[in-house]
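[1] Task: produce atomic coordinates for the following.
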Amino acid sequence: MHSTCRRHRWKLVVGLVVLLMALTALPASAWDEPGVPQPTPMRDAHPHPDPDPDADPDADPDPLAGLDLPDLALPDLATDPGSALGDLASGGRAPGPALAPGAPAAAGGPPSEPLTPAVTNPRMFHGLAFDTCMTPSLDTMRRWRSSKYGAVGVYYGGRGRACPHQPRLGHRWMKEVQRLGWRVLPVYVGSQSPCVVAGLKKTYRIGRHAWRQGAQEGRDAVRTARAVGIRAGSPLYLDMEAYKYRQKKCARTTLTFVRGWDRQVREKGYVPGFYSSADSGVAHMRAAARAGVRDLPAVIWFARWHTRPRLAREPVLRGSAWSSRRRIHQYAGNVKERHGGRTLVIDRNLVHAPVARIR
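    Model (predicted):
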């Protein structure tokens, strides 16, 4: 009798085990309650962009499409004392990379970023400025002291300048305009984005080795600045005309070039600035800053025409990005003005940013 009971218990245990194994093998949908909609599985919050290089650039809203950048939750780089934008610190050394611990570096450059001296007490200007393609004569600059402008943008170097021959520009011109009370915003127009919009700039597109080319042109920007009397501690503004930054390969190449240029300028003791249209190059830099990319410009010069001059309310630069003493707004372009009997075709700018130190 006892052996019979044991056999029955053993068969019962084996049967329960077989039943449990069968139930666990059922698909999850077999457990759904009839008539109750089930939640849709979540997709990746940051899907990989369409790899088609010929896709419509306006169809992809991701400003960092194809750049393989880390998606990091970071404080705003313009105010974080540990950010890559620490060039304008009050003293000491520039902080380390603006990446979370253990985060990978962005593609396109060397993996490490050495500490470099911070620019202490840069010469600042807050007011209106103009820039014009051809360097004006000293007599014109003297007459224009009667205008509302206090600073002038000078296209001092770069292979992509619209006015490459500047017979008036030199060390003497720089010293004289400074003596007259002008402040100078040095602009370097180097190689342009592969997807640059302006037809005349397509001749100067960035080549295959973007980092190396950016570094070479960064060194050239410093050499040329020194030749016309622009001292270390001065800003050098890289002019990158409007480009289709949502095109993946183009965006990667352009950002790599800019980072290479910035690093060289920074390592030589100058402040790397960046000029572009608000809705292309500046939007691209802002997205890169949010992603924690290193070697970004320290000062932003954004072009948004047909609007009032304003520094704090630019939609692309929401929050505090490049806010305090780091912005220039070009709010009008190709306009004629006459002062002191001399007429120039200029762009108009509102500035709160570093200006050149002239020796």
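[2] When you work out contacts or count neighbours from here on, use the C-alpha atoms and nothing else.
    Will do.
[3] Please list all residues in contact with the closest residue to Arg161 other than its chain neighbours.
    Sequence neighbours aside, Val189 is the residue nearest to Arg161 in space, at 5.3 Å (criterion: Cα to Cα, 6 or more residues apart in numbering). Applying Cα atoms under 8 Å, 6 or more residues apart in numbering to Val189 gives the contacts 155, 157-161, 238-240.
[4] Looking at those, spot the one nearest Glu176.
    The nearest member of the contacts of Val189 to Glu176, counting by Cα to Cα, is Tyr155 at 16.8 Å.
[5] what's the weakest-modelled helix or strand in the protein?
    One helix or strand of the chain scores below all others by mean pLDDT, DSSP states H and E: helix 2-24, with a mean of 52.
[6] From the contact counts, what lies against the helix or strand following that one?
    Downstream of helix 2-24, the next assigned helix or strand under DSSP states H and E is strand 124-131. If contacts are counted by 3 or more Cα pairs under 8 Å, 6 or more residues apart in numbering; DSSP states H and E, strand 124-131 sits against strand 151-157, strand 342-354.
[7] okay, the ones you listed, which one's buried deepest?
    strand 151-157 (a mean of 24; mean count of other Cα atoms under 10 Å).
[8] pLDDT on the following helix or strand past that strand, on average?
    Counting by DSSP H and E, the element after strand 151-157 in chain order, helix or strand, is helix 171-179. Helix 171-179 carries an average pLDDT of 98.
[9] Show me which positions of the helix or strand that helix 171-179 is followed by end up buried.
    Downstream of helix 171-179, the first helix or strand assigned by DSSP H and E is strand 183-188. For strand 183-188, the neighbour count (16 or more other Cα atoms under 10 Å) marks 183-188 as buried.
[10] Tell me the strands beside strand 183-188, with direction?
    For strand 183-188, the paired strands and their directions (DSSP bridges) read strand 151-157 (parallel), strand 235-239 (parallel).
[11] got the angle for the shortest one vs strand 342-354?
    For strand 235-239 against strand 342-354, the angle by axes from the mean of the first three to the mean of the last three Cα atoms, to 10 degrees is 120 degrees.
[12] doesn't Val351 make contact with Gly127?
    Yes: with contact defined as Cα atoms under 8 Å, Gly127 counts as touching Val351 (5.3 Å).
[13] Now tabulate the helices and strands packed on strand 124-131 in CSV and tack on distance to Leu138 and mean pLDDT.
    Converted to CSV, these look like this (distance: least, Cα to Cα, whole Å; pLDDT from 0 to 100):
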stretch, distance to Leu138, mean pLDDT
strand 151-157, 12, 98
strand 342-354, 12, 98
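[14] so which of the ones you listed gets nearest Arg259?
    Of all those, strand 151-157 sits nearest to Arg259, with 18.5 Å by Cα to Cα.
[15] how far off helix 171-179 does the closest one point, in degrees?
    Going by the same axes, to 10 degrees, strand 151-157 makes 170 degrees with helix 171-179.
[16] For Ala221, give its distance to Arg142.
    Ala221 sits 27 Å away from Arg142, going by Cα to Cα, to the nearest Å.
[17] Now render the strands paired with strand 183-188 as JSON lines, adding distance to Ala215.
    Converted to JSON lines, the strands paired with strand 183-188 look like this (distance: least, Cα to Cα, whole Å):
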{"stretch": "strand 151-157", "distance to Ala215": "15"}
{"stretch": "strand 235-239", "distance to Ala215": "12"}
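[18] Quick check: which of the ones you listed is nearest to Tyr270?
    Taking Cα to Cα, strand 235-239 is the member of the strands paired with strand 183-188 nearest to Tyr270, at 5.8 Å.
[19] Residues contacting that closest one, please?
    185-190, 221, 265, 270-276, 354-356.
[20] repeat for stretch 141-155
    Residues outside stretch 141-155 that contact it (Cα under 8 Å, 6+ apart) are 125, 127-135, 161, 177, 180-189, 339-342.
[21] Arg313 and Tyr237: what is the separation?
    Distance, Arg313 to Tyr237, by Cα to Cα: 22 Å.
[22] So for these two, which residue has more residues nearby?
    Neighbours were counted for Arg313 and for Tyr237 using other Cα atoms under 10 Å; Tyr237 has more, 27 against 10.
[23] how close does that one get to Arg338?
    Per Cα to Cα, Tyr237 is found 26 Å from Arg338.
[24] Out of the strands paired with strand 183-188, which is closest to Val196?
    With Cα to Cα as the measure, strand 235-239 is the member of those nearest Val196 (11.9 Å).
[25] After the closest one, heading C-terminal, what element do we hit next?
    Moving toward the C-terminus from strand 235-239, the next helix or strand (DSSP H and E) is helix 248-267.
[26] Provide a list of residue ranges in the chain with pLDDT below threshold.
    Counting by pLDDT under 70, the chain contains low-confidence residues at 1-120.
[27] can you rerun that using 50?
    Applying pLDDT under 50 to the chain flags the ranges 1-5, 22-87, 89-117.
[28] Please list all residues in contact with Pro186.
    The contact partners of Pro186, taken as Cα under 8 Å, 6+ apart, are 153-156, 225, 235-237, 355-356.
[29] which one among the residues you listed gets closest to Arg325?
    Val355 (10.8 Å).
[30] and the closest residue to Glu241 other than its chain neighbours, bridged to which residues?
    Closest residue to Glu241 apart from its sequence neighbours, by Cα to Cα, 6+ apart: Ser276 at 5.4 Å. Beta bridges link Ser276 to Phe302, judged by DSSP bridges.
[31] residue contacts, Ser276?
    Neighbour list for Ser276: 239-242, 282, 301-303 [criterion: Cα under 8 Å, 6+ apart].
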